[in-house]
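Peer 1: Predicted model follows, preceded by the sequence.
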Number of protein chains: 2
Amino acid sequence: MYIVYVQVHVKKDWVEEFIEATIENAKNSLLEPGVARFDIVQQQDDRTRFVLVEAYRSFDDPAKHKATDHYQRWREAVLDMMEEPRTSNVYFNIFPEEESWG
Amino acid sequence: MYIVYVQVHVKKDWVEEFIEATIENAKNSLLEPGVARFDIVQQQDDRTRFVLVEAYRSFDDPAKHKATDHYQRWREAVLDMMEEPRTSNVYFNIFPEEESWG
């Protein structure tokens, strides 16, 4: 499993638009066979900060995701909404096991 | 929903023991009615770093979790395995909706 945590810091006037565009991308991403999960969470003490948790079934799936129309649309839509560049880390799943990720 | 991301940095000689103790805690935590998810992920480029994702159904559930025997056992077991103090952030779920978290 190839799990990407993307840290996002959004300009404060663009939080609602960011949420809308990102939910649209998450829904479409879950239709990709390689995407097991696509969570969006918003930090409680700073609502301009989000984490996107993208759980891919294999190493090749993130590249397939980045080639989709919905990812490209999201990327363009949120380009000017960022307060600073996104950062990310990549993880293995330890628990639960693979088949329980979605 | 009350989602806690705990960042953990483990001493390098204790990684296997940490994983074992934390899986045990995660399995028991999922039996708590207030715990929707308890994920453990390990950073791919630094295997001493982990994130625990604890998704609670309500604001009161983290305190109930901390009062359990299995949490207390885990806390004691990993005390000397930490390279540095754990840090955490708390999030709302944006996507998916509540009932899809487990």
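Peer 2: Sure, I can see it. Predicted model only: the values in this text are computed from it and were never measured. Numbers count the residues shown, from 1 in each chain, chains lettered A, B, ... in the order given.

Peer 1: so where do the strands sit in chain A?
Peer 2: In chain A, the strands defined using DSSP state E lie at A:2-9, A:35-43, A:49-56, A:87-95.

Peer 1: For the last one, name the packing helices and strands.
Peer 2: Yep, that's strand A:87-95 we're talking about. strand A:2-9, helix B:15-29, strand B:35-43 (3 or more C-beta pairs under 8 Å, 6 or more residues apart in numbering or on different chains; DSSP states H and E). Every residue, glycine included, has its C-beta placed from N, CA and C.

Peer 1: want to throw the ones you listed into a markdown table with mean neighbour count, mean pLDDT and distance to residue B:64?
Peer 2: Converted to a markdown table, the helices and strands packed on strand A:87-95 look like this (neighbours: other C-beta atoms under 10 Å in any protein chain shown; pLDDT from 0 to 100; distance: least, C-beta to C-beta, whole Å):
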| stretch | mean neighbour count | mean pLDDT | distance to residue B:64 |
| --- | --- | --- | --- |
| strand A:2-9 | 18 | 97 | 26 |
| helix B:15-29 | 17 | 98 | 10 |
| strand B:35-43 | 21 | 97 | 9 |
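
Peer 1: Can you check the pLDDT for residue A:98?
Peer 2: Residue A:98 carries a pLDDT score of 88 in this model.

Peer 1: didn't it look like it was pressed against residue A:2?
Peer 2: No. Judged on C-beta atoms under 8 Å, residue A:98 makes no contact with residue A:2 at a distance of 11.0 Å.

Peer 1: what residues are shared contacts of these two?
Peer 2: residue A:57 (C-beta atoms under 8 Å, 6 or more residues apart in numbering or on different chains).

Peer 1: Apart from its chain neighbours, what residue comes closest to the most centrally placed residue in chain A?
Peer 2: Ranked by distance to the mean C-alpha position of chain A (C-alpha atoms, centre = their mean), the top residue is residue A:52 at 3.6 Å. Closest residue to residue A:52 apart from its sequence neighbours, by C-beta to C-beta, 6 or more residues apart in numbering or on different chains: residue A:6 at 4.3 Å.

Peer 1: State the distance from residue A:59 to chain B.
Peer 2: 10 Å (C-beta to the nearest C-beta, to the nearest Å).

Peer 1: so what's that residue closest to, chain neighbours aside?
Peer 2: Among residues not flanking residue A:59 along the chain, residue A:2 sits closest, at 5.3 Å (C-beta to C-beta, 6+ apart).

Peer 1: beta partners of the one you found?
Peer 2: Beta-bridge partners for residue A:2, by DSSP bridges, are residue A:56.

Peer 1: same thing with the one 5 residues further on?
Peer 2: With DSSP bridges as the criterion, the beta-bridge partners of residue A:7 are residue A:51, residue A:87.

Peer 1: how about it, what does it touch?
Peer 2: A:49, A:50, A:51, A:86, A:87, A:88.

Peer 1: Can you tell me which residues in chain A are near chain B?
Peer 2: Contact residues (C-beta under 8 Å from any C-beta of the partner chain) of chain A with chain B: A:2-3, A:5, A:19, A:22-23, A:26-27, A:38-45, A:50-51, A:53, A:89-96.
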